[in-house]
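Engineer: next comes the sequence, and after it the predicted model I'd like to discuss.
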Amino acid sequence: MKVVIIGATGNVGSRTMNSAVRAGHEVTAYVRRPEAVAASKGIRIVKGNAEDTVALTEAAKGSDAIIVAITGAIKDTSFMQRNIASIVKAAKAAHVRRIILVSAFGAGDTADKAAWFMKLAYRTVLGKFFRDKAAADAFLEQSGLDYTIVYPVNLKDAPASFNVIAKPLAEVAKVPGMPTLPFASVAQEIVAILSDPHSIGQRMLITTARGWTPRQ
């Protein structure tokens, strides 16, 4: 599969890029700083930013999917909304229907499933940041594209582990405590979701194997 990764120098994006290449995909790393991506077989590096619709359209032509793994500063309350609008426009112009958006657990109604102390943080200290993400998620849902939105729990820099699971949010009742996953584990799940047609049109929680309780 030919995949464009927007944000391929970030914590999740860089590891997703590496996982995708290992899985045999051809990756276009669409990045603002090409020098930050090591040249490697299976990776095409293209300079650009997510709001440049013309450049992104050109980079995405002939691709099968786009993975969006960018995030803005906490103080930027419209970063994701601005960028997702440009990305959707470019995807349609390039005739790429499949998009995976990396959001975050705590955005929108996902906060309702969190432990009370995490829910408080999501809606107060991080409230504007997560409202921006929720608005971007909703925009993608209404785009008419074949989307999957993933909501990773708290993340850390650590070796990948097998203690990870992806579940449709509709099947999740609660996310107790503060489950934490390595960036690399989330990246591996994103690459698995890329090839899973059942994930199209889904909002997926990525958490630890015990970091969720099912709906009854």
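Structural biologist: Okay, I see it. All of these numbers come straight from a predicted model, not from anything done at the bench. Residues are numbered from 1 along each chain as shown.

Engineer: how about Q81, secondary structure?
Structural biologist: Recorded secondary structure, Q81: helix (DSSP: H, G, I helix; E, B strand; the rest coil).

Engineer: what is the neighbour count of it?
Structural biologist: Other residues near Q81 come to 18 when the count uses other C-beta atoms under 10 Å. Just so you know, the C-beta spots here come from the backbone N, C-alpha and C atoms, and that holds for glycine as well.

Engineer: just name the shakiest helix or strand of this structure by mean pLDDT.
Structural biologist: The least trusted helix or strand in the chain, going by mean pLDDT, DSSP states H and E, turns out to be helix 116-123, with a mean of 90.

Engineer: that helix: what's the following helix or strand?
Structural biologist: helix 127-141 (DSSP states H and E).

Engineer: what comes into contact with stretch 38-57?
Structural biologist: For stretch 38-57, contacts defined as C-beta atoms under 8 Å, 6 or more residues apart in numbering pick out 4, 6-7, 17, 21, 25-34, 37, 59, 68, 70, 82-83, 86-87, 89-90, 93-94.

Engineer: could you rerun that using 7 Å?
Structural biologist: Residues outside stretch 38-57 that contact it (C-beta atoms under 7 Å, 6 or more residues apart in numbering) are 6, 17, 21, 26-32, 34, 37, 59, 70, 82-83, 86-87, 89-90, 93-94.

Engineer: packing partners of the one helix or strand L205 maps to?
Structural biologist: L205 is part of strand 202-207, with elements assigned from DSSP H and E. Under the contact criterion of 3 or more C-beta pairs under 7 Å, 6 or more residues apart in numbering; DSSP states H and E, strand 202-207 touches strand 146-152, strand 165-168, helix 183-194.

Engineer: can you name every helix or strand that the longest one contacts?
Structural biologist: Spelled out, it's helix 183-194. helix 11-22, strand 98-102, strand 146-152, strand 202-207.

Engineer: repeat that for 8 Å
Structural biologist: Helices and strands touching helix 183-194, by 3 or more C-beta pairs under 8 Å, 6 or more residues apart in numbering; DSSP states H and E, are helix 11-22, strand 65-68, strand 98-102, strand 146-152, strand 154-156, strand 165-168, strand 202-207.

Engineer: looking at those, which is buried most?
Structural biologist: strand 65-68 (a mean of 26; mean count of other C-beta atoms under 10 Å).

Engineer: give the pairing partners of that strand; include direction for each.
Structural biologist: In the sheet, strand 65-68 lines up against strand 2-6 (parallel), strand 98-102 (parallel) (DSSP bridges).

Engineer: distance to V46 for those - can I get that in TSV?
Structural biologist: Converted to TSV, the strands paired with strand 65-68 look like this (distance: least, C-beta to C-beta, whole Å):
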stretch	distance to V46
strand 2-6	8
strand 98-102	17
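
Engineer: bridge partners for the residue nearest the centre of the chain, pull those for me.
Structural biologist: Nearest to the geometric centre of the chain sits V102, at 1.3 Å (C-alpha atoms, centre = their mean). For V102, the beta-bridge partners under DSSP bridges are V150.

Engineer: and Q202, by the same measure?
Structural biologist: With DSSP bridges as the rule, Q202 is bridged to T148.
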